[in-house]
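> Structure for the following, please:
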Amino acid sequence: MPFVRSKLASVVLLAVALPAVLACGRGDEAASVPSRATSAEAARDTVRAPARTDAPAAADERLPARGIDVSHYQGRVDWRAVEEAGIGFAFLKATEGVTFTDPTFRAHWAALGETRILRGAYHRFRAGRDAAAQAEHFLAVARLGEGDLPAVLDVETTDGVSDARLIRGARTWLEAVERRTGARPIVYTRPGFRRTHLGRALDDYPLWIAEYNVDSPSTGTWSFWQHSQQGRVAGIQNIVDLDHFNGSLAELRKLAVPTK
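Just a heads-up that it's a prediction; the model follows:
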């Protein structure tokens, strides 16, 4: 269920890119090393801090919201520097399956709370494992509160189960998390996986689509777009995924977890 239907253009800024392992969209059991980016790709995929002033340069509430998603693969993160670079939102990997917790989640979550960056958390779904138990695991780790972004379910592998079971399990997780947080969760996936395994079965949830080397997502309607796996952002040690929200930062703020 997209919130805004306008198309967004990628931000072009000066930089270099180095190879490293990427974050969102990869399970911790099967991470891979991305190929070296070209000079043109590096320039497109880098977010640098503006010239220093007396105060940090927070993201402009009226402009299209730029964000990142982070896990332990990113290494050390200076969230103040990320804030000064104009990043408006960040999703952190919290959990995967029924037992895994990202080792950097709690520290990053606390540090983000000291900035003006909107923070959110995501769960890597394992279709072959109990969906209700996965929801409980996520909710126990990612204690979303007022002002945090809605929870995200990362759905991009079948783990060998049928599409019907995959969709049924995803819905079990989404419904359980929505009941507990009061905010409708977001579904993260890739165009090919969506076409082949999900179809339109989860289209009543906001879509976060991962699609690269295009001017805009091919899905037509979307709420978030992960447009690069090769991003460089001031304050982050390794490459990082870059994202757009399909609207302004002020509009994104309206989607936050409500007061209970």
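> Look up the closest residue to residue 201, ignoring the ones flanking it.
Leaving out its chain neighbours, the residue that sits closest to residue 201 by Cβ to Cβ, 6 or more residues apart in numbering is residue 167, at 4.6 Å. (Glycine included, C-beta is placed from N, CA and C.)
> tell me what the helix or strand that that neighbour is a member of is packed against?
Residue 167 belongs to helix 163-181 when assigned by DSSP states H and E. Using 3 or more Cβ pairs under 8 Å, 6 or more residues apart in numbering; DSSP states H and E, the elements in contact with helix 163-181 are helix 131-141, strand 152-154.
> contacts for that helix?
123, 125, 127, 131-132, 134-136, 138-139, 144, 150-151, 153, 155, 158, 161, 184-185, 187, 197-198, 201-202, 205, 257 (Cβ atoms under 8 Å, 6 or more residues apart in numbering).
> Just the buried residues of those residues.
Using 16 or more other Cβ atoms under 10 Å as the burial test, these include 123, 125, 127, 131, 134-136, 138-139, 144, 150-151, 153, 155, 161, 185, 187, 197-198, 201-202, 205, 257 as buried.
> For the residue nearest to residue 201, give its distance to residue 192.
16 Å (Cβ to Cβ, to the nearest Å).
> Kindly report the same for residue 142.
28 Å.
> Neighbour count: these two, which is higher?
residue 142 (26 against 10; other Cβ atoms under 10 Å).
> residue contacts, the more buried one?
By Cβ under 8 Å, 6+ apart, the neighbours of residue 142 are 94, 95, 105, 109, 121, 123, 151.
> looking at it, the third one is touching residue 141, isn't it?
In this case it means residue 105. Yes - assessed by Cβ atoms under 8 Å, residue 105 is found in contact with residue 141 at 6.7 Å.
> who touches residue 64 in this structure?
Neighbour list for residue 64: 8, 244, 245, 246, 247, 248 [criterion: Cβ under 8 Å, 6+ apart].
> which SS class is residue 86?
For residue 86, the assignment made with DSSP: H, G, I helix; E, B strand; the rest coil gives coil.
> where do the strands sit along the protein?
Using DSSP state E, the strands found in the chain span residues 46-47, 64-70, 89-96, 100-101, 118-124, 152-154, 186-189, 207-210, 224-233, 240-248.
> now the second one and strand 224-233, what's the angle there?
Put plainly, it is strand 64-70. Going by axes from the mean of the first three to the mean of the last three Cα atoms, to 10 degrees, strand 64-70 is angled at 70 degrees with respect to strand 224-233.
> wait, which of the contacts of residue 64 is closest to residue 89?
residue 245 (6.7 Å; Cβ to Cβ).
> who are the neighbours in contact with the closest one?
64, 65, 66, 67, 88, 89, 223, 224, 251, 252.
> For beta bridges, what are the partners of it?
residue 224 (DSSP bridges).
> quick one on the thing from earlier: flag whichever of the strands of the chain has the least confidence on average.
The stretch with the lowest average pLDDT out of those is strand 46-47, scoring a mean of 58.
> follow-up on the earlier one: of the contacts of residue 245, which is the most crowded?
residue 224 (30 neighbours).
> pretty sure that residue is touching residue 243, no?
Yes - taking contacts as Cβ under 8 Å, residue 224 lies within contact range of residue 243: 5.7 Å.
> tell me which residues of stretch 194-210 are tucked away?
Neighbour count says stretch 194-210 has 194, 197, 198, 201, 202, 205, 206, 207, 208, 209, 210 buried, by 16+ other Cβ under 10 Å.
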